[in-house]
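Peer 1: Output the structure for:
(2 chains)
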Number of protein chains: 2
Amino acid sequence: MSNDTLRDLSQNPLVQRLGVPRIPVLRRHVPGAPLLDGPALVGTVGEGTYADAVRALLENESVAEAGGGDVTGGKVAGVVLDATAARTLDDLAAAQEFLTPAVRRLAANGRLLVLAPEPGEDPEAAAVAQAFDGIVRSAAKEVRAGATANLLVVHPDAPPAALDSSVRFLLSGRSAYVDGQVVHVGVPVGPEQDPIGMDAPAEPVAPLAGRVAVVTGAARGIGAAIADTLARDGAVVVAVDVPAAGEALAAVANRTGGTALQLDITAADAAERLLAHLRERHGRVDVVVHNAGITRDKLLANMDADRWNAVLAVNLRAQLGINRALLEGDLLSDSGRIVCVASTSGIAGNRGQTNYAASKAGVIGMVRALAPRAAARGVTVNAVAPGFIETEMTARMPLGTREGGRRINSLRQGGLPVDVAETVGWLGQAESGGVTGQVVRVCGQSMIGA
Amino acid sequence: MSNDTLRDLSQNPLVQRLGVPRIPVLRRHVPGAPLLDGPALVGTVGEGTYADAVRALLENESVAEAGGGDVTGGKVAGVVLDATAARTLDDLAAAQEFLTPAVRRLAANGRLLVLAPEPGEDPEAAAVAQAFDGIVRSAAKEVRAGATANLLVVHPDAPPAALDSSVRFLLSGRSAYVDGQVVHVGVPVGPEQDPIGMDAPAEPVAPLAGRVAVVTGAARGIGAAIADTLARDGAVVVAVDVPAAGEALAAVANRTGGTALQLDITAADAAERLLAHLRERHGRVDVVVHNAGITRDKLLANMDADRWNAVLAVNLRAQLGINRALLEGDLLSDSGRIVCVASTSGIAGNRGQTNYAASKAGVIGMVRALAPRAAARGVTVNAVAPGFIETEMTARMPLGTREGGRRINSLRQGGLPVDVAETVGWLGQAESGGVTGQVVRVCGQSMIGA
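Peer 2: Numbers count the residues shown, from 1 in each chain, chains lettered A, B, ... in the order given. The predicted structure is shown next:
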C-alpha cells in the first residue's frame, strides 16, 4: 500500500534531515497482547467513583504501575483521569495540575483518557463538564507519535462496570485511529445484568464468543475487515453482499468460518430474506452491522434523481427497513447491538456529496431515534463515522486529494479498515450496553468537522 | 489590511491567468439596503407552514420575485426551501428536485436557506430531518463566489413569526461570514408576545432601537465592532473594558454615544459594579455581550497554574458571576438577551490552547445550562463562535499560520469583526426569542470541526 511507501520515505534519514515529519506507526491490537505496553497513571479530581474500577482493570491486565501522580518517573503508556466528580473551576484547575506532568510522561502510542461528568443544570458545573471537551480535543492535537486522547462522558447513575469495555477499548491498540473523540456512557440498556465475575479476564481473548454477527457489504474493504475482526474475536459471521460480489463474499465466509448470503439489500423482500437466513442458519442474531454503502458523487446543481435515489436506497432506506424488521421481530437477542457505518461526510458535509452526506447524516438521525426505542429490550444502536480510511475507494482518488485526506488529522495518516472494524467490535460486545445513540468517529481526529 | 492586499493580488489579471482562485468580495449589510439584491425562489416540500411567511417577508422587502420553481429563469439572490413538513425519503427526493435547478441559478453572494423539521421519534422522519444537515453542509461547500447555505431547524410549535428575525439575518448581508451552520428555532421564550403589526418594516432600520446593550472587552477588535454595530442598529451601548484600555474605551463610547465603564471583570465586586453602573446610568439592560477574552497559549505538557487560571478567570469565571447576578436581579429586561463569545477552539480544540479551549467549551456548557433557566423570564442565552477573524491578534500570527487560517473555509478568507458583531446583533433583538441555547459559528464554514 502506498501509505507504507510514504511511511518508509518519511523514515528515511535523508528525508528526516530535511525536516519531513515522521509518520507514526500506530500501535494496533494483537490478540493476547496486554492492554497497554507499559505502566499507567490514574488520577482523580475529588472523589472519583471510577478510578478504583480503572485501577482494578489495569491490575488484572498486569499493567506495571497504576498509581497516582508520581511526577518524577519515566514514560507511561496510559494516563487516566477520573474527573467525574468535577463541579467547579477549582476542580478544573486540579485536573490541569494532574494532567500537565502526566501528559509530559506519555510515551509514543500512549493513551490519554479522561472521564468527565455530564453537563448538569448548574451553570458552573455544566461549564466545567463541557470544558473537558475542549481540553481533550486540544490535548489530542498536542500528544505525538501515535498517542491519542479521548473523553468518556459518564451518566451519574452509570455503574463502574458499565465503563469497562469502553475504557479497555480506548486504552488498547483497538482504538488506534480513534482520537479526539467524545463518547457518552450511560446506565446499560435492558434488564439489569449479573455483575461480571471478578475472575473474568479483563481483556477477553474472544469478547464476541458465542455471538452471531451479520455484516452487510462484507465482500471487500471495510466490510471484509469487519467480518474478519468480529470472527477473530469469536463471533459467527454472516457475510452479506450483492450477488455480483459473490466470489469475494464466498472467500470472506470461508476464511471467517461463517455463512454467506447473496442479497441486494434494496430489494423489497431484503429484510425478510435476511431474517429468514438468520433464523434458519443461526436461530438468532446479536450484532447487526450496516456497512453496505455506495457513492454517486455530483454537485447538487447537477444532481439527478437516479444518483440521489440510488445512494439513499442503499445507504439509508435499506437500513431503515432491516432495523424495523429486527426491532419488530424476536430474532435480535436481548443484548442485540446495531452498528451503522456513517461517515464524516454525514457530519461535516462534503463537496459533491449532497446525496451521500444526506444518507449518512440520515443514518445518524436514525440511530438517535432508534436508540431510546431499542433500549427497553436491551438493544443498543450506534454509528461509527470513518474519516479517511485506506481502501480501494480511496486508492482511486487523485493523488492530491488522497494525500490531503491522509494528512489533515492528528495522526498524520489514513486509517486502516481494521480500525473501523475494531470500533464496531467494541460496540458489538454485550458488555457495551451503556453506549447507545452515539456517533463515534474513526478519523484520527480529522480536522474536518461541522 | 493585508487581507485586502491579498484580495487585490488575487484579482490581478496575471495572477488570475496563473489560476489562483479569486477571493470573493462578500456582500455585507449596508443600512437601508434591501434584504437581498435580487429575486428569490421559495419552495416547499409538502404542506410547508412557513413558506407563506417567508414570501410575505420578501414581498415587504420588495424582493422582485418570490415564486416557486421557475427553473428556466435567470440568476436569483436567494433560495429558500421550507422542508419542515418533510417526513419520508420521498419528501427528501422532492427537496432535491427543487434544490438542484434552484441552486444552479444562485447568484454570487446568494443565500441558500433550508428550513427543516426537528428529528422526531419516528426513525425515518428523524433520518430525513438530519439528512438536511448533510445536504446543507455539503451545499455550503459547493456554492461559490460568496454564496452561503444555512439550515434552520424548526420546532413544530414555533409560530411563523418566530422565524422572521433569523430568516432576515440569514438572507441579508449581515450573515456574510455565517456559512454551513445549523440553528434551532423554537417557541419564543417568555410570556406570549403581541404579534408584530403587518405595517412594521420587514427589515427595521434600527432593530435594536430603545435597547440598552453592554459589551465587555469593547475597547478594540471584535468588542469595538460589536459596540459600533449595536449602536448603528439603535442600541444605547455601555462599553466595558479594563482601566488600562481607558483611552480606547473612551473613544468607543464617544463615537457610539453610550457610556463607558472601566472595569476589571475578574475583580470580586465586578458584577456588583457593572450592575450599579447599568442601574444608575441606564436603569435597565436588554443585551449583555460577554466578549472580553484573553489567550495564554502553552502546550498542556508545559502549562502552569498562572496561565490556566488567568484564562479561565477572564473567559469563564467572570461570565458566570455576571450572569448569576443578572438572572438573580431585576435589571435584565423581560426580553433580555445574553450573548457569549465562544470560539471554534472551544468546539474543535486547538493545539497549545487547552486553557483557552477549556474556557470557551466551558462558555458553551454554561450557555446550554442557562438557556432553560432564563427562558421562563423571557431571556435567551446564546453563544457565537468566531473562526478566523481579521484582528490585531491574528495580524500578529506567523504568516503561514495566518494564511492557513484564512483559507481553510468555504469562503476562502478570514471574517471581519463586523461579521461577529452582526451575528450578536441578530441574537440581541427582542424578535429573536425563539433562538436560545444555540452556538452559532461565524467562521465561513471553517473546515475545522469536532
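
Peer 1: Can you tell me the strand partners of the lengthiest strand in chain A and which way each runs?
Peer 2: For chain A, the strand that runs over the most residues, judged by DSSP state E, is strand A:106-117. Using DSSP bridges, the strands paired with strand A:106-117 are strand A:76-82 (parallel), strand A:148-154 (parallel).

Peer 1: quick one: buried residues of the last one?
Peer 2: Taking 16 or more other C-beta atoms under 10 Å in any protein chain shown as the basis for neighbour counts, the residues of strand A:148-154 that come out buried are A:148-154. In this view, the C-beta of every residue, glycine as well, is placed from N, C-alpha and C.

Peer 1: Dihedrals phi and psi, whichever residue of chain A sits closest to chain B?
Peer 2: Residue nearest to chain B within chain A: A:G449 (1.2 Å; C-beta to the nearest C-beta). A:G449 adopts backbone torsions of phi -140, psi -160, taken as degrees, to the nearest 10.

Peer 1: going on from the helix or strand hosting A:V214, what's the next piece of helix or strand?
Peer 2: Using DSSP states H and E, A:V214 sits within strand A:212-216. Using DSSP H and E, the helix or strand that follows strand A:212-216 in sequence is helix A:221-232.

Peer 1: Just say helix, strand or coil for A:A158.
Peer 2: Secondary structure state of A:A158, per DSSP: H, G, I helix; E, B strand; the rest coil, is coil.

Peer 1: wait, it sits on A:V189?
Peer 2: No. The criterion here is C-beta atoms under 8 Å, and A:A158 misses it with A:V189 at 11.6 Å.

Peer 1: Which one's more surrounded, those two?
Peer 2: For the pair A:A158 and A:V189, the greater number of neighbours falls to A:V189 (26 against 22), based on other C-beta atoms under 10 Å in any protein chain shown.

Peer 1: Chain neighbours aside, what residue packs nearest to the more buried one?
Peer 2: In space, A:V189 comes closest to A:A375 once its chain neighbours are excluded; the distance is 4.1 Å by C-beta to C-beta, 6 or more residues apart in numbering or on different chains.

Peer 1: Can you get me a residue count around the one you found?
Peer 2: When counting by other C-beta under 10 Å, one arrives at 19 neighbours for A:A375.

Peer 1: what's it in contact with, if anything?
Peer 2: Counting by C-beta atoms under 8 Å, 6 or more residues apart in numbering or on different chains, A:A375 touches A:189-190, A:436.

Peer 1: out of these, who's nearest A:D330?
Peer 2: A:G190 (14.6 Å; C-beta to C-beta).

Peer 1: Next step: the contacts of A:A375 restricted to helices.
Peer 2: Per DSSP state H, helices hold no members of these.

Peer 1: Just give the closest residue to A:G293, not the sequence neighbours.
Peer 2: A:N315 is the one closest to A:G293 (C-beta to C-beta, 6+ apart), at 4.7 Å.

Peer 1: Would you mind measuring from the one you found to A:A348?
Peer 2: Using C-beta to C-beta, to the nearest Å, A:N315 is found at 17 Å from A:A348.

Peer 1: same deal with A:A162?
Peer 2: 30 Å.

Peer 1: More neighbours: the two, which one.
Peer 2: A:A348 (27 against 23).

Peer 1: I'd assumed A:V384 was in contact with A:V424.
Peer 2: Yes. Look at A:V424 against A:V384 with C-beta under 8 Å: they come within range, at 6.0 Å.

Peer 1: Now for those two: what residues contact both?
Peer 2: By the contact definition C-beta under 8 Å, 6+ apart, A:V424 and A:V384 are jointly contacted by A:339, A:341.

Peer 1: Tell me who's in contact with A:G349.
Peer 2: Applying C-beta under 8 Å, 6+ apart, the residues near A:G349 are A:357, A:450, B:133-141, B:180.

Peer 1: and the helix or strand containing A:D419, how far from the chain's centre?
Peer 2: Here A:D419, judged by DSSP H and E, is contained in helix A:417-428. Centroid separation for helix A:417-428 versus its chain: 6 Å, with C-alpha atoms, centre = their mean, to the nearest Å.

Peer 1: Report the mean confidence score over that helix.
Peer 2: Across helix A:417-428, the average pLDDT comes to 98.

Peer 1: Name the next helix or strand downstream of that helix, please.
Peer 2: strand A:439-442.

Peer 1: which residues touch that next one?
Peer 2: Contact with strand A:439-442 is made by A:177-178, A:181, A:183, A:342, A:344, A:347, A:364, A:367, A:382-387, A:389, A:415, A:419-420, A:423, A:427, as judged by C-beta under 8 Å, 6+ apart.

Peer 1: Return only those of these found close to chain B.
Peer 2: A:347, A:364 (C-beta under 8 Å from any C-beta of the partner chain).
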